[in-house]
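**Q** Take this sequence and fold it.
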Amino acid sequence: MNFKKVYLIFGLFLAQMSFAQEGVAVYSDYLSDNYYLIHPSMAGAANCAKIRATARQQWFGQDDAPQLQTISFNTAVGENSGVGAIVFNDKNGYHSQTGAKLTYAHHIKFSRSDYDLNMLSFGMSAGLVQSRLDETEFDPGFDPIIDGGMKQKDSYFNVDIGASYHYLDFYAHFTAKNVIKSKRNLYTDIESSNLTSYLLTAGYVFGLNDDVWSLEPSLMFQSVSETKEKTIDVNLKAYRELDFGRVWGGLSYRRSLDGAQYQLTPGSSVQEQYMQYITPIIGVNYKSFMFSYTYSYLTGDVKFDNSGFHQITIGLNLNCKRDRYDCHCPAVN
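**A** All right, here's what the predicted structure looks like:
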């Protein structure tokens, strides 16, 4: 057995095991003031309309390395509604997908004034995704599944649903992605029609030093229905209020709850490794503009490459309301 190939395959497996999802893959970009990207109930929840664009590149110097680009927009409509749209392009080796989603959200406000935040939100996104598989460089050999020399593509429709709750400095989100069973005819009969995954996020923002500083710990749990894969994010962000806006930074730690076995050398003992990412993040809000940069690094003995995963997010806030909620709630204020 060629153990060099085993290393590469295992490294790819670790890097993608929690991210090989249909639709917009869940990385750490939601921490860049971009919760709407993964939670449809956040459409129109903020005091401003938000435009966000992200670009992610993994493994610089590697051919056909994974990359993702997204553009999203969401805004409030009236007092209790929000709408949004997402367009994305995701490429991973010979597989790629392009899609768009449209979102509607309804917000129920329990507070008696516009200053106290106490809001329950429900949202639904409907999307169309086209998946493509480029087999033009494949050698079919003796494998009947590989046609070779072909470019296959298939499209499917799916729906995400979710709910959010904000109470002053506390927030929680739950989303079920791809709730409709949709099977593509891209990988013959071996592919499951169950593409559903679940996301649960919760956090609290603490005001410090007369609210000049804020500290935000949060957690996110992911579960993939078909494969039973589970991951958890542990996040901590700090904010500093300035005259022109806000600067912030943080650290995210992602760990898979499912391990994979491997051997470092032929004949050595079998070991188990869990996917682990460490992601520092920095950002700035300057007046109506937002910019952030994240760098994710995969830890462990076996990995595909020593370089990290780079991601940039730029954003613009529009039509902001003059009055803000009286809380430490940067995602909505």
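
**Q** Strands along the stretch 101-250 of the chain, start to end?
**A** For the stretch 101-250 of the chain, applying DSSP state E, counting those that start in this stretch gives strands covering 118-134, 151-167, 170-177, 197-204, 206-208, 213-224, 230-242, 245-262.

**Q** name the helices or strands packed onto the second one?
**A** Helices and strands touching strand 151-167, by 3 or more C-beta pairs under 8 Å, 6 or more residues apart in numbering; DSSP states H and E, are strand 118-134, strand 170-177. No exception for glycine: its C-beta is placed from N, CA and C like everyone else's.

**Q** who wins for proximity to Ser292 among these?
**A** strand 170-177 (19.0 Å; C-beta to C-beta).

**Q** So what are the sheet partners of the closest one and their directions?
**A** strand 151-167 (antiparallel), strand 197-204 (antiparallel) (DSSP bridges).

**Q** In this protein, where is pLDDT below threshold?
**A** 1-22, 59-61, 139-149, 184, 187-190, 301-307, 322 (pLDDT under 70).

**Q** Reformat the strands paired with strand 170-177 as CSV; add mean neighbour count and distance to Gly259.
**A** Formatted as CSV, the strands paired with strand 170-177 follow (neighbours: other C-beta atoms under 10 Å; distance: least, C-beta to C-beta, whole Å):
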stretch, mean neighbour count, distance to Gly259
strand 151-167, 18, 29
strand 197-204, 18, 19
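
**Q** Tell me which of the ones you listed lies nearest to Glu137.
**A** For Glu137, the closest of these is strand 151-167, at 10.8 Å, according to C-beta to C-beta.

**Q** Render the CA-only coordinates of that closest one in CSV, please.
**A** Output of strand 151-167 as CSV, limited to C-alpha atoms (Å, rounded to 0.1, in the frame of the first residue of the first chain):
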residue,chain,number,x,y,z
LYS,A,151,-18.6,16.7,-17.3
GLN,A,152,-21.7,15.8,-15.3
LYS,A,153,-24.1,18.2,-13.7
ASP,A,154,-27.4,18.1,-11.9
SER,A,155,-29.6,20.6,-10.1
TYR,A,156,-31.9,20.3,-7.1
PHE,A,157,-34.2,22.5,-5.0
ASN,A,158,-34.0,22.5,-1.2
VAL,A,159,-35.2,24.5,1.9
ASP,A,160,-33.6,25.7,5.1
ILE,A,161,-35.7,26.6,8.2
GLY,A,162,-34.7,28.1,11.5
ALA,A,163,-35.5,30.1,14.6
SER,A,164,-33.6,32.7,16.6
TYR,A,165,-34.2,34.3,20.0
HIS,A,166,-32.6,37.5,21.3
TYR,A,167,-33.1,38.7,24.8
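
**Q** So what angle separates the directions of it and strand 118-134?
**A** Computed with axes from the mean of the first three to the mean of the last three C-alpha atoms, to 10 degrees, the direction of strand 151-167 lies at 170 degrees from that of strand 118-134.

**Q** before we move on, back to that, with respect to burial, which of the strands of the stretch 101-250 of the chain scores highest?
**A** Highest mean neighbour count of the strands of the stretch 101-250 of the chain: strand 170-177, a mean of 21 (counted as mean count of other C-beta atoms under 10 Å).

**Q** So what touches that strand?
**A** With contact meaning C-beta atoms under 8 Å, 6 or more residues apart in numbering, strand 170-177 is reached by 21, 23, 35, 38-42, 160-165, 195-204, 329, 331.

**Q** In CSV: the helices and strands packed on strand 151-167, plus distance to Tyr297.
**A** Converted to CSV, these look like this (distance: least, C-beta to C-beta, whole Å):
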stretch, distance to Tyr297
strand 118-134, 29
strand 170-177, 26
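
**Q** Select, out of these, the one closest to Asn209.
**A** Closest of the helices and strands packed on strand 151-167 to Asn209 is strand 170-177, at 20.5 Å (criterion: C-beta to C-beta).

**Q** and that closest one, how far out from the chain's middle?
**A** Offset of strand 170-177 from its chain centre (C-alpha atoms, centre = their mean, to the nearest Å): 13 Å.

**Q** Phi, psi for Ala25 please.
**A** When read as degrees, to the nearest 10, the backbone of Ala25 gives phi -70, psi 150.
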